[in-house]
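J.: Provide a 3D model corresponding to the input given below.
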Amino acid sequence: MRTRNRAVVAAMCAGLAATLAACGGGGGEKDPDAGTNGVGKLPATKIESKARQAATSANSVRLSGNLVTRGATYKLNMRLNADGGTGQVSTKGSSFELLRVGKELYLKADAGFWSHDESHGGESDGGEGDGGGAGDAAGKLDNKYVKVPSGDPSYQRLSGFTDMKLLLDGLLGLHGKITTGDHGQVDGVRTITISAGKAGEGGSLDVSLEGRPYPLRLRRAGGAGVIRLADWNEGFKITAPEKGHVLDYGQQIPETP
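T.: Prediction:
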């Protein structure tokens, strides 16, 4: 009986040992790149190159987070594609929606947003030049899509938030010598981090290790914001607002933040 029991135990141990060996051993470290797209094994510069290629070949993306530029901080939540973009921008306590369809740009905000510049609002509403005129103008613009003329000083700045190629080209650059960092996750997706400069002061990028190596999170150089990039190639259609919801303000809209 003892001999048979020993034989059974020995067989079980042998089977367990074989199982552990097939799984990479019982005490060895698991390969962090096992089952991935293999990008994590590449040099840092190659990872950056592949992430850029994946991004520039995509048809659409959702971009969200904080962006610091020219001393101002903007909170973004934009969906972008080759035809334009739509979403929300917040800054200095103000919030507004942007919609661009081709070259046509529209801005939508509440009355509080438009009433920040009373003198401009009053003049545009008929030249009354007082708070009442400004309030009337702001009321007419409340939650309406205002068409931004291409010659308006705000057009170039605002349309930049809706331009997928322009934003990606400007955001994805890292400044300094690029090195490979740790494996991690962004929203449940396995990633590899690459960073530039000492302690990542030149920015860092978390690149997907699943499927195409899309950039999923960007920490901009100098603490200039953290941006998440999601919904890559999840196509969506952008359409112009109905005419009844659009106001044409003329050659120049009231000053925006």
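J.: got the phi/psi numbers for residue 239?
T.: When read as degrees, to the nearest 10, the backbone of residue 239 gives phi -130, psi 150.
J.: Tell me how far the closest residue to it other than its chain neighbours lies from residue 158.
T.: Closest residue to residue 239 apart from its sequence neighbours, by C-beta to C-beta, 6 or more residues apart in numbering: residue 101 at 6.7 Å. All C-beta spots, glycine's among them, are computed from the backbone N, C-alpha and C. Noted for residue 101: a distance of 14 Å to residue 158, by C-beta to C-beta, to the nearest Å.
J.: More neighbours: which of the two?
T.: residue 158 (20 against 17; other C-beta atoms under 10 Å).
J.: about what we covered before: for the residue nearest to residue 239, what are its contacts?
T.: Shown in contact with residue 101 (C-beta atoms under 8 Å, 6 or more residues apart in numbering): 83, 84, 238, 239, 240.
J.: Would you convert those residues into a markdown table that also reports pLDDT and distance to residue 30?
T.: Output for those, formatted as a markdown table (pLDDT from 0 to 100; distance: C-beta to C-beta, whole Å):
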| residue | pLDDT | distance to residue 30 |
| --- | --- | --- |
| 83 | 92 | 44 |
| 84 | 95 | 44 |
| 238 | 92 | 44 |
| 239 | 92 | 48 |
| 240 | 91 | 52 |
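J.: what's across from the closest residue to residue 95 other than its chain neighbours in the sheet?
T.: Closest residue to residue 95 apart from its sequence neighbours, by C-beta to C-beta, 6+ apart: residue 88 at 6.3 Å. Residue 88 has these beta-bridge partners by DSSP bridges: residue 77, residue 97.
J.: Touching, residue 88 and residue 64? I think so.
T.: No - Residue 88 lies out of contact with residue 64 (C-beta atoms under 8 Å); the separation is 9.4 Å.
J.: so what's in contact with those two at the same time?
T.: Common neighbours of residue 88 and residue 64, using C-beta under 8 Å, 6+ apart, are 76, 77, 78.
J.: Mind giving me the ChimeraX command for buried ones among these?
T.: Selecting only the buried entries of those in ChimeraX, with 16 or more other C-beta atoms under 10 Å as the criterion:
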select :76,78
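J.: Return the member of the shared contacts of residue 88 and residue 64 nearest to residue 244.
T.: Taking C-beta to C-beta as the measure, residue 244 lies nearest residue 78 of the shared contacts of residue 88 and residue 64, at 25.1 Å.
J.: Nearest residue to the closest one in space, ignoring adjacent ones along the chain?
T.: Nearest non-adjacent residue to residue 78, counting by C-beta to C-beta, 6+ apart: residue 87, 3.5 Å away.
J.: tally of neighbours for the one you found?
T.: Neighbours of residue 87 using other C-beta under 10 Å come to 17.
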